[in-house]
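1. return a 3D structure for these sequence lines:
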Amino acid sequence: MKINGVHFHRNDRRWNANLRMKGTTEYLGSFKNKYCAMHAVYQKKKALGLEIDTNTREHERYLEWFSSRPEEVKLVEKKD
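-> Numbering: from 1, shown residues only. I've put the predicted structure just below:
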């Protein structure tokens with residue numbers, strides 16, 4: 001499933017997070033898994049007061065990851 005702002009970079013074998021607004025793209029970082037990248041996008045959207053789509057299966061999986069991997073969450077938040 002496609003997650004807005006998150007894509008896999010084949011050459012680096014890592015997940016990239018980007019936020020596109022008003023015709024410009026802000027690079028948020030490169031992460032070891034897609035949920036870390038999702039978290040970076042969600043954090044940025046939250047900081048900007050933007051809506052997060054919570055009605056997807058991928059969001060449910062993200063929430064499971066978020067609650068089970070606090071050490072990874074902290075690492076992503078340090079990057080911000």
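2. and R69, what does it touch?
-> R69 sits next to Y35 when contact means Cβ atoms under 8 Å, 6 or more residues apart in numbering. (C-beta placed from N, C-alpha, C; glycine too.)
3. quick check: next helix or strand after the helix ranked longest in the chain?
-> What stands out as the longest helix in the chain, according to DSSP state H, is helix 34-48. Per DSSP states H and E, the first helix or strand lying C-terminal to helix 34-48 is helix 57-68.
4. contacts for the longest helix of the chain?
-> Residues contacting helix 34-48 (Cβ under 8 Å, 6+ apart): 3-6, 8, 15-19, 21, 26, 28-29, 31, 51-52, 58, 61-62, 65-66, 69, 72-73, 75-77, 79-80.
5. 7 Å instead, please
-> For helix 34-48, contacts defined as Cβ atoms under 7 Å, 6 or more residues apart in numbering pick out 3, 5-6, 15-17, 19, 28-29, 31, 52, 62, 65-66, 72-73, 76-77, 79-80.
6. list the buried ones in it?
-> Buried positions in helix 34-48, judged by neighbour count with 16 or more other Cβ atoms under 10 Å: 34-45.
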